Every structure is written in structure tokens, then in C-alpha cells.
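**Student:** structure of the sequence below:
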Amino acid sequence: MKNILKETKNWDRVRTMKREAKNTLKRFWKEEDGMGSVEIILIVVILIGLVILFKDSITEVVKNAIKQIESDAKEITG
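**Tutor:** Numbers count the residues shown, from 1 in each chain. Down below sits the predicted model:
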């Protein structure tokens, strides 16, 4: 009889621990505080990769834009 009571108490502890672990995992899964940081880091990494990949094209576009601005400014100032 004592063994049965001991086993019952142990199983109750196991069930309680299992429930607590399950609740902790649910809270952790629903918590989104860190998600924003991870998303921002991924976006920055992707942007840096795109800049490195298209560096020459971006440089050419910027140079052309600056030349156009300079020529337009010369036309305005006379």
C-alpha cells in the first residue's frame, strides 16, 4: 500500500512537472520580444549582401545622378 502511495505521489510530481514545462514552452513560443531584433539583423545582412553584389551598378547610377544634378545646376545658374 505504501508503495502504491509513493508511486502515485511520484506520478503526480511528474504530471505537475510536465504541465509546468508545457506552460513554459507555450509562454516562450508566444513571446515575441526578440523576434524584432532577429528580423532587423536579417534585413541588414540582406541589404549589405545586395550592396556588395551590385556595388558597381550602384556606383554608376550614383555617378550619373551626380553628373545630371551638376549639369542641371549649371543650366540654372547660367
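**Student:** now the longest helix along the chain: mean pLDDT?
**Tutor:** As assigned by DSSP state H, the longest helix anywhere in the chain is helix 2-30. The average pLDDT for helix 2-30 rounds to 76.
**Student:** again, but for stretch 61-74
**Tutor:** Stretch 61-74 shows a mean pLDDT of 93.
**Student:** what about residue 14, how many residues nearby?
**Tutor:** 10 (other Cβ atoms under 10 Å). Bear in mind the C-beta positions are built from the backbone N, C-alpha and C, glycine included.
**Student:** with the one 4 residues further on instead?
**Tutor:** Taking other Cβ under 10 Å as the neighbour definition, residue 18 ends up with a count of 10.
**Student:** try the one 3 residues further on
**Tutor:** As a burial measure, the neighbour count of residue 21 was computed by other Cβ under 10 Å and equals 10.
**Student:** that one and residue 11, how far apart?
**Tutor:** Separation of residue 21 from residue 11 (Cβ to Cβ, to the nearest Å) stands at 15 Å.
**Student:** next one: residue 73
**Tutor:** In terms of Cβ to Cβ, residue 73 sits 83 Å off from residue 11.
**Student:** repeat that for residue 52.
**Tutor:** According to Cβ to Cβ, residue 52 stands 59 Å off from residue 11.
**Student:** now swap in residue 75 and tell me
**Tutor:** For residue 75 relative to residue 11 (Cβ to Cβ), the value is 88 Å.
**Student:** repeat that for residue 74.
**Tutor:** From residue 74 to residue 11 the distance is 88 Å (Cβ to Cβ).
**Student:** which elements pack onto the longest helix of the chain?
**Tutor:** Judged by 3 or more Cβ pairs under 8 Å, 6 or more residues apart in numbering; DSSP states H and E, helix 2-30 is in contact with no other helix or strand.
**Student:** please consider this matter closed, and thank you.
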